[in-house]
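# Give the three-dimensional model of this entry:
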Amino acid sequence: MKLTSSTIIVFLVSLISARIEPRNTNPSTSAKIDRGTFENPSKWVRPKFRYWIPDASVDPAVVASDVRTAKDAGMGGLELLGYYLYGGPPSNGAGRGSAAPVDWAKCGFGTEAWRKIFEAFVQAIDDNDMILDFAIGPNQGAGVPAPENSDGLAWDVAAYNVSIPLGGSFDDLLPGWGTGELVAAVTGLVVDSVNVTRDDELAPDPGSLPGDYSLNRTQMTLSASSLADVTDRVSSGGRLTVDFAGRNTSGIGYTIFAIYQFRSDYRAQDGPLDLGGPQSVPMTPRQNGSWAVDHFSARGAKTTSDYWEQYLLAKSTLDVLNRVGTYAWEDSVEIEANVYWTPDFLAYFRDHHGYSLSRWLPVLFHRNGHYLNSNPDQWWITDEPDGGNSHIADYRATLADRYQAYLTTLNEWTAEYLGMEFSAQISYNLPMDMLENIPYADAPECESLDFSDLIDGYRQYAGPANLAERRIVSSECGAVRGEGFVQTIPELLWHAKRSWAGAINQFVFHGFPYSGDYGNTTWPVFSTFNYQYSDMHGAHRPDFFQYREAMDFVARNNWVAQAGTPKIDVAFWQKTTVYPGHIQLRTYEPTDLEEMGYTYEYLSPDNFDLPSAVVTNRVLAPDAQSFKAMVVRANDSLTIQGVERLVAWAHRGLPIILAGGIPELYVGTHNAMEMRKSQRSLRDAASLPNVHVTDSYFVASTLQSISVLPRTRIKAASPSNAKWYTNWRNDGENDYIYIYNDAIDFPQGQGGSEATIEFQSTGMPYEYDAWTGAQTPIACEASSNTTTLALRLAGNQSTIIAFHGAEHVSNHNRKSGHHGTRRHGTGHDRLQTCNPSNESYNADIAASITLRNWTLIAEHWDPPKDLYNITGGAHKHDTTHHLPHLVSWQDIDGLQNVSGRGYYSASFDWAPSPSFSKEANSAILDFGWVYDTLQASLNGHRLPPLDVTNPKINVKHWLVEGPNTLEAVVGTPLGNAMIPIWYQLYTSGEGPASDDASTVPPPVGQYGLQTDVTVTWFE
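Residues are numbered from 1 along each chain as shown. As a prediction, this is how the structure comes out:
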């Protein structure tokens, strides 16, 4: 049903809200944020859940209860998102589900019901002393309700063509006339046609633009000199008369193109009459779903902000938002389009590039949109040396400029009107330079799913954000296809650990669903994406009662990762014109930098105008990353402005490596004289003593040869193929180094390794334990410039080493009573390496006990008899099992399709020798590895949190001579219990058994304690 402003009289202001005096919003690293302490981080640095609610029919009391549940689990806040079947039926893009059990005319996004739920959510956040983010629209936040003829809605263009033989003529209506407003009519001579087959879709075409992938297609080549804009010859009725007689006859034939612009009518949320269920006829645009707004104009952003001001934000709500609101947020842009567009694009393009795009429009219709006809079977290129790619690059540059106008408008609105900041998943999925656009959001966000947990990918995203001095670089973390309801805590933390290694420092975990009953929805809970993606975190999971320790671990790592500013060794030049929606490959393929301990990030030359992008004392961005060198590769794409800045930095002494040779490819169209001047200036700069041209793309050895050393130099590692990553932060007084042993290639519980690392810091070293909050001083010597530590980490284990400045050490000593044990040396000849993680284990082993004869009480969480009773919860009952030794629940009779909690107990006798001293010696309890969650008690004493990757703890203070009792409680995901009923599951009537679903049952989980538990004491 179409509702336009001309037919709707009642689309009036229903809510008058006054602008409030906003708090001082500051997205930079200089912001004064109460981070709390490392031991007890504040809500501002704690992780968040994405809180999915199905629609505005939800119960406000349940919403308030969900907020409290998240708080108890250790979350600092929630991000509110109205799911709305991910937009609606599958016919609407990626929508999931064909019917809603409630009337979306009453409960759609932006309705009065939505306003009330939003206010209830905001109040619940305030009542629980938490913080919030909210999606600025339904589904992915891409739009709001609006009249369908609003100029601020998303636009698209389409091209039609007709072939004319050589020497022929055309006197007829343009093809496609009536599709929309005519943008241009263009004629051109086709000189070649070829079928292109590409075996490797991840490989670029020869000569393609940076970031473009290959596709199979028929490729039609147009003579560039023949292209003509004939728009002014089209009559008002759409008729064109053109005669090709007497023109060039060497070719295949002529083609007439007609290009039209029109509103795309892409739905952010389908209207009530577009889906099944008890729907009513919408009487106003507010009741008719949401339309995607124009993401390439300030007008599109204002369409969103105007709606919120007019209908959803009362003065009282703004007052509370000003206290508890962090980010107005938008997901990655996945609006379907043939070619992304905005109505004034041609005028912006001419201003931007100095020539008309009109006659080059035919070459835009591949790889410049999303779905629809954006990847057609037929491509049009030109006979220019680059096939017309320079014009596509110029189009993409202007598109980025318009996207920046959209982002800037939303940034300004959130700060000035809401007293908040703006966060968005920037540019991936879109045909533009992602790195260029990242600084235009207050808190840019990426995601573990589309970045494939690739540390190199995170470095691409974090580089521009850190150069822009953004305090937060966020991630939508934890989604994995095919792992609905089976994700474990170690796996979730694995996603986070790789993110910290790539300089990501905040998480919105995916996700936390509304826990109440909802129509046509079965136990265990309302679920998203047809049960495909991990995970549905919440109290319906048996292990959720043990989340707090893991979330405290995340919060403490965030506390460190948000401290001060990042310090990165090397900057890589990277200019792309398109960024894929799913990143699978490293940009810098060699691993020599990581092997030696270097850290690196990527910058686009379009980031070089940022205020921090200056060179002082041979260092790039001294107030931000403090890069020690820059790398430009021979196959990198250049820009004239970027080369100008690079050459200036070279003359200021910045070490620059031109790896593989001097690059020559420039992206976009350029004045020939200016380009020759730019090329000459780069060649001249190559002769400077601080500029190094190499034959190899490997750069670590060159960096070492010119004495550019990593801040964390890995001097030795065992085994030699161990993968260690570091991330360094400095707050002006203290250095904090996150260290991670990545065991991606090993099964859980394996992949432990050792490394000796030389740190370029001489402050007092401490080991920070993110599981307990403890800060333990490390006694060792240092050289005049560095400190060397020997570390041993289990597979996928991380730790934090901090070097405290003198003032911090003094304050810490006064608070803790510690008077310092560190001895300062004067050179490497007096250097002593230290082992902070294992210093208490270095004595001889006196004895070791392996615990046997366990009793397991398994608390089953089975599906209820009535699967549609969500709030009744699982059917619970206990079984008792006697285990000679520990094995997976899959190997215990009666526990094969069981999820729940396991209560383990075992007894052992401890008989230390008379020489054992609890003050001087250690007794180590070792659980081997943990499948999901674990809490333990010894002789009735609750043990501190255990690292799930290395669950060892010194228990000497709780051991008693003679009989001892160890108790352990584990939780599991729900996956195993759901396997037998998998195809009976439904959310809003849609589930794994639905015709349009592609969800297979989850993998079987190996629950429970499975490795020998030992107690070993040292003397």
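# Could you use CA atoms for every contact and neighbour count after this?
OK.
# any idea of the mean pLDDT for the longest strand along the chain?
Counting residues, the longest strand found in the chain (DSSP state E) is strand 181-196. What strand 181-196 shows for mean pLDDT is 97.
# So what pairs up with Phe512 in the strands?
Tyr51 (DSSP bridges).
# Do I have it right that it meets Ala539?
No. Assessed by C-alpha atoms under 8 Å, Phe512 is found out of contact with Ala539, at 9.6 Å.
# by contact count, what packs against the longest strand of the chain?
If you count contacts as 3 or more C-alpha pairs under 8 Å, 6 or more residues apart in numbering; DSSP states H and E, strand 181-196 packs onto strand 217-222, strand 228-229, strand 253-263.
# CA atoms only for that strand, dumped as CSV, please.
Extracted as CSV, the C-alpha positions of strand 181-196 are listed here (Å, rounded to 0.1, in the frame of the first residue of the first chain):
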residue,chain,number,x,y,z
GLU,A,181,13.4,10.5,-14.2
LEU,A,182,15.8,10.5,-17.1
VAL,A,183,19.3,11.1,-15.9
ALA,A,184,21.1,10.8,-19.3
ALA,A,185,20.8,9.3,-22.8
VAL,A,186,24.2,8.2,-24.1
THR,A,187,25.3,6.7,-27.4
GLY,A,188,28.4,4.7,-28.1
LEU,A,189,30.2,2.4,-30.6
VAL,A,190,30.7,-1.2,-29.5
VAL,A,191,34.1,-2.4,-30.7
ASP,A,192,34.5,-5.7,-28.9
SER,A,193,32.7,-8.4,-27.1
VAL,A,194,34.3,-11.2,-25.1
ASN,A,195,33.3,-13.8,-22.6
VAL,A,196,35.4,-13.6,-19.4
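# got the buried residues for it?
Leu182, Val183, Ala184, Ala185, Val186, Thr187, Gly188, Leu189, Val190, Val191, Asp192 (16 or more other C-alpha atoms under 10 Å).
# for the protein, what's the longest helix?
What stands out as the longest helix in the chain, according to DSSP state H, is helix 389-413.
# Thought Ser937 was touching Trp958, still the case?
No. Applying C-alpha under 8 Å as the test, Trp958 and Ser937 come out as separate, 9.3 Å apart.
# And the lowest mean pLDDT element among the helices and strands of the chain?
Least confident helix or strand, the chain: helix 806-816 with a mean of 55, by mean pLDDT, DSSP states H and E.
# Walk me through the domains of this structure.
If you go by the TED database, the domain ranges for the chain are 155-263+337-370+373-390, 566-706, 712-809+828-834, 845-1018.
# before we move on, back to that, please enumerate residues in contact with the longest helix of the chain?
208-209, 295-302, 305, 340-341, 348-349, 352-353, 357, 360, 363-364, 381, 421-422, 431-433, 437, 440-442, 577-578, 667-669 (C-alpha atoms under 8 Å, 6 or more residues apart in numbering).
# Sitting in strands, which of the residues you listed do you find?
Tyr340, Trp341, Ile381, Glu421, Phe422.
# on that earlier part again, quick check: what element follows the least confident helix or strand of the chain along the chain?
Later in the chain than helix 806-816, the nearest helix or strand by DSSP states H and E is strand 845-850.
# Just the buried positions in that following strand, please.
Per 16+ other C-alpha under 10 Å, strand 845-850 contains no buried residues.
# buried residues in the helix or strand just after that strand?
Using DSSP H and E, the helix or strand that follows strand 845-850 towards the C-terminus is strand 854-862. For strand 854-862, a neighbour-count test (16+ other C-alpha under 10 Å) marks Trp854, Thr855, Leu856, Ile857, Ala858, Glu859, His860, Trp861, Asp862 as buried.
# Within its local environment, how many residues does the closest residue in space to Ile472 that isn't next to it in sequence see?
In this structure, Ile472 finds its nearest non-sequential neighbour in Ala443, 5.3 Å apart by C-alpha to C-alpha, 6 or more residues apart in numbering. Per other C-alpha atoms under 10 Å, the neighbour tally for Ala443 reads 27.
# Wait, Ala443 touches Phe422, no?
Yes. Here Ala443 reaches Phe422: they are 6.3 Å apart, a contact under C-alpha under 8 Å.
# got the residue ranges for the helices in the stretch 1-150 of the chain?
60-72, 104-107, 112-127 (DSSP state H, counting those that start in this stretch).
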